[in-house]
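>>> Next come a sequence and a model predicted from it.
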Amino acid sequence: MPRYEYRCRTCDDTFEVSRPMAESSAHADCPAGHADTVKLLSAVAVGGGAAAPAPAMGGGCCGGGGCG
């Protein structure tokens with residue numbers, strides 16, 4: 001189940017809520033009971049293994065700029 005991060009504007013606490021994607025835009029109260037919260041944008045990592053190496057630049061007949 002996806003986790004969504006929120007910040008409380010009243011106490012400045014940051015917290016997470018697990019909920020189905022269908023409820024991703026639903027309001028979430030702060031754990032302290034405050035209602036003035038905002039949903040934060042989070043960077044999401046997809047995958048479970050080590051990151052693949054970046055492809056090498058160039059490698060073509062003309063050093064990566066294309067043949068001319």
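Nice, thanks for sending it over.
>>> contacts, neighbours, all on C-alpha from now
Fine.
>>> Which residue ranges of the protein form strands?
Using DSSP state E, the strands found in the chain span residues 3-8, 14-18, 37-39.
>>> Okay, now the sheet partners of the last one, with direction.
Read it as strand 37-39. Here strand 37-39 is paired, per DSSP bridges, with strand 3-8 (antiparallel).
>>> Could you give me the buried positions within the partner strand?
Y4, Y6, R7, C8 (16 or more other C-alpha atoms under 10 Å).
>>> need the contact list for the last one.
It refers to C8. The contact partners of C8, by C-alpha atoms under 8 Å, 6 or more residues apart in numbering, come to T14, C30, H34, A35, D36, T37, V38.
>>> can you redo these as JSON lines with distance to M21 and pLDDT?
Formatted as JSON lines, those follow (distance: C-alpha to C-alpha, whole Å; pLDDT from 0 to 100):
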{"residue": "T14", "distance to M21": "20", "pLDDT": "96"}
{"residue": "C30", "distance to M21": "19", "pLDDT": "96"}
{"residue": "H34", "distance to M21": "23", "pLDDT": "97"}
{"residue": "A35", "distance to M21": "21", "pLDDT": "97"}
{"residue": "D36", "distance to M21": "22", "pLDDT": "97"}
{"residue": "T37", "distance to M21": "19", "pLDDT": "97"}
{"residue": "V38", "distance to M21": "17", "pLDDT": "97"}
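>>> Alright, calling it a day.
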